[in-house]
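S.K.: quick one: sequence and predicted model below, then my questions.
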Amino acid sequence: GNSVTQMEGPVTLSEEAFLTINCTYTATGYPSLFWYVQYPGEGLQLLLKATKADDKGSNKGFEATYRKETTSFHLEKGSVQVSDSAVYFCALSDLSGNTPLVFGKGTRLSVIA
Amino acid sequence: DAGVTQSPTHLIKTRGQQVTLRCSPKSGHDTVSWYQQALGQGPQFIFQYYEEEERQRGNFPDRFSGHQFPNYSSELNVNALLLGDSALYLCASSLKVVGETQYFGPGTRLLVL
C-alpha cells in the first residue's frame, strides 16, 4: 500500500538557518504530493503541493520538488523564522480521484531567536 | 468565505459512551473526509462521504460511522468509546474532482476517560 516516511523530529534551528525536512514515499501509480503544516492547537493547513514529476511546489518561502527517480519530496526553506515553528506533515494522494491522503508521522520544527 | 468548521472544539466522554462530531464543509465543496490524529502521529483516514454515501473507508471498526446531509455537512459517530479513541478528529472538504485539494477544519479534540 501507499506510505510516507518523514525524518524524525524534533528539529531545532536558529532564526535565519536553512531548513530541510526529508520525505520519501511508496506508491503505486503517480501520486500527488503535499506538505501540510499544523500550528499549535490548530488543524492542518496546506503549505504546498506538486502533482507530477519534476514539479516544484512553493509557498511562503518553502519549496519542495517532486522527484520520481528518488521517490522524494523534501521540504526546504532558505531562512526560517520563529513563526515557522510548527509540525510539518508530508502526504500523498492517488491521482486517480479525490482519494484519501496518506500522511507521514510529522516533523516538529522549533525555531529559536 | 467560511472555511471548514467543526463542532464541538473539545469533548470529554467516558468509556462505553457514544459521541457525535459535526463538520460543515468549505463553501462550494461537496465531499467530506474524516481523519483521526492520535497524539504525536499523522492523521489516519477514517472515511469519505460524497452524495450522502460513504464512498471510501480506512481501517477503522464499525463503531465508527458517519452521515452526510443534503447541504453537504457531515457527522462522525463513534459508539462504545475506548480509551484509544482519544484523539484529534479532523474533517476535510473538497470537490469531487480529480486532483482537488482537501482543506481541513480545526478539529475536535476528544478525550475518553
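M.R.: On my side now, so go ahead.

S.K.: now do the SS call for the residue of chain B found nearest chain A.
M.R.: Across chain B, the shortest distance to chain A (Cβ to the nearest Cβ) belongs to B:Gly42, at 3.3 Å. No exception for glycine: its C-beta is placed from N, CA and C like everyone else's. Of the three states, B:Gly42 takes coil according to DSSP: H, G, I helix; E, B strand; the rest coil.

S.K.: in terms of pLDDT, where does it sit?
M.R.: On pLDDT, B:Gly42 comes in at 93.

S.K.: what's it in contact with, if anything?
M.R.: With contact taken as Cβ atoms under 8 Å, 6 or more residues apart in numbering or on different chains, B:Gly42 is in contact with A:Val4, A:Phe89, A:Ala91, A:Phe103, A:Gly104, A:Lys105, A:Gly106.

S.K.: out of those, which sit inside strands?
M.R.: A:Val4, A:Phe89, A:Ala91, A:Phe103 (DSSP state E).

S.K.: tabulate those (JSON lines), appending neighbour count.
M.R.: Output for those, formatted as JSON lines (neighbours: other Cβ atoms under 10 Å in any protein chain shown):
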{"residue": "A:Val4", "neighbour count": "23"}
{"residue": "A:Phe89", "neighbour count": "27"}
{"residue": "A:Ala91", "neighbour count": "27"}
{"residue": "A:Phe103", "neighbour count": "23"}
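
S.K.: next, give me the two most distant ones among those.
M.R.: A:Val4 and A:Phe89 (8.5 Å; Cβ to Cβ).

S.K.: shared neighbours of these two, anything?
M.R.: Shared contacts of A:Val4 and A:Phe89 (Cβ under 8 Å, 6+ apart): A:Phe103, A:Gly104, B:Gly42.

S.K.: now, among those residues, which is nearest to A:Ser72?
M.R.: A:Gly104 (12.0 Å).

S.K.: any idea how far the spatially most central residue of chain B lies from A:Val82?
M.R.: Ranked by distance to the mean C-alpha position of chain B (Cα atoms, centre = their mean), the top residue is B:Trp34 at 3.2 Å. Remark: distance between B:Trp34 and A:Val82 (Cβ to Cβ, to the nearest Å) = 33 Å.

S.K.: now B:Arg55
M.R.: 41 Å.

S.K.: and for B:Lys13?
M.R.: Taken as Cβ to Cβ, the span from B:Lys13 to A:Val82 is 37 Å.
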